[in-house]
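Undergrad: model this:
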Amino acid sequence: MALIKSVRGKTPTWGSSCFLAENATLVGDVIMGDHCSVWFNAVVRGDVNAIRIGNKVNIQDGAVIHCTYEQSQTVIGDEVSIGHNAIVHGCRIESHVLVGMGAIIMDHTVVQSECLIAAGAVVLENMVCESGYIYAGVPARKVKTLSPDVFKQNISRIANNYLKYAGWFDQS
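TA: Below you'll find the predicted structure:
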């Protein structure tokens, strides 16, 4: 079972059919929906502010989800994939988003639905990443338009794959 720690009277909660890897860490004010997965060495740390995670979200190996004390919560919508070693900090990620491996998303950023943050991208504070685009680079910028049908199909495929992968592990 994952490391689950209460902080300042808040204990993480999660919905049905969630997979929490044995060495994943959930701390404090974290509320996660149904059919989510938090993978090996991932940290979801709601010690200084709230973290809210929707349904069918996968937080892949080594990713860190955090926030800023008295300034910014982290809110993640439904059917979001957070890639390996990504950092999501004090921002809002709407539904149907893919955050690539090693990407960094900083405080007060809004990533709109059906947006892709490329691997290694650094999304600076207060940025708005518009729906229907790929953002890449350091600092991240809009680099390519995606058709809604192609994008939605890929986001759903990845989210469904992570449901399947979670099912390979004994969750008793």
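
Undergrad: give me the beta-bridge partners of the residue nearest in space to the middle of the chain?
TA: The centre of the chain sits closest to Ile82, judged by C-alpha atoms, centre = their mean, with a distance of 4.2 Å. As for beta bridges, Ile82 partners with Ile59, Val99 under DSSP bridges.

Undergrad: return the residues in contact with it.
TA: Applying C-beta atoms under 8 Å, 6 or more residues apart in numbering, one finds that Ile82 lies in contact with 57-60, 63, 65, 76, 88, 99. For every residue, glycine as well, the C-beta is placed using N, CA and C.

Undergrad: not counting residues beside it along the chain, what's closest to Cys67?
TA: Take Cys67 and drop its neighbours on the chain: the residue closest to it by C-beta to C-beta, 6 or more residues apart in numbering is Asn49, 3.8 Å away.

Undergrad: now Leu26
TA: Across the structure, with C-beta to C-beta, 6+ apart as the measure, the residue nearest Leu26 apart from its sequence neighbours is Pro12 (3.9 Å).

Undergrad: who does the longest strand seen in the chain pair up with?
TA: Once the chain is assigned using DSSP state E, the strand that runs over the most residues is strand 43-53. Each strand pairing with strand 43-53, determined using DSSP bridges, is listed with its direction: strand 25-32 (parallel), strand 64-66 (parallel), strand 74-76 (parallel).

Undergrad: go through the ones you listed and name the closest to Leu116.
TA: The stretch from the strands paired with strand 43-53 with the least distance to Leu116 (C-beta to C-beta) is strand 74-76; that distance is 15.0 Å.

Undergrad: identify the residues contacting that closest one?
TA: Outside strand 74-76, the residues that reach it (C-beta under 8 Å, 6+ apart) are 49-54, 57, 65-67, 82, 88-93.

Undergrad: repeat that for 7 Å
TA: Contacts of strand 74-76 with the rest of the structure, by C-beta atoms under 7 Å, 6 or more residues apart in numbering, involve 51-54, 57, 65-67, 88-93.

Undergrad: ok, now stretch 128-141?
TA: With contact meaning C-beta under 7 Å, 6+ apart, stretch 128-141 is reached by 110-118, 121-124, 142-146, 148.

Undergrad: sorry, back to before: let me have the contacts of strand 74-76 in a markdown table, extended by distance to Gln153, pLDDT and neighbour count.
TA: As requested, the contacts of strand 74-76 are exported to a markdown table (distance: C-beta to C-beta, whole Å; pLDDT from 0 to 100; neighbours: other C-beta atoms under 10 Å):
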| residue | distance to Gln153 | pLDDT | neighbour count |
| --- | --- | --- | --- |
| Ile51 | 28 | 98 | 26 |
| Arg52 | 26 | 98 | 16 |
| Ile53 | 23 | 98 | 27 |
| Gly54 | 19 | 98 | 21 |
| Val57 | 18 | 98 | 27 |
| Ile65 | 26 | 98 | 28 |
| His66 | 31 | 98 | 20 |
| Cys67 | 31 | 96 | 24 |
| Val88 | 23 | 98 | 28 |
| His89 | 29 | 98 | 19 |
| Gly90 | 30 | 98 | 23 |
| Cys91 | 25 | 98 | 25 |
| Arg92 | 24 | 98 | 19 |
| Ile93 | 19 | 98 | 28 |
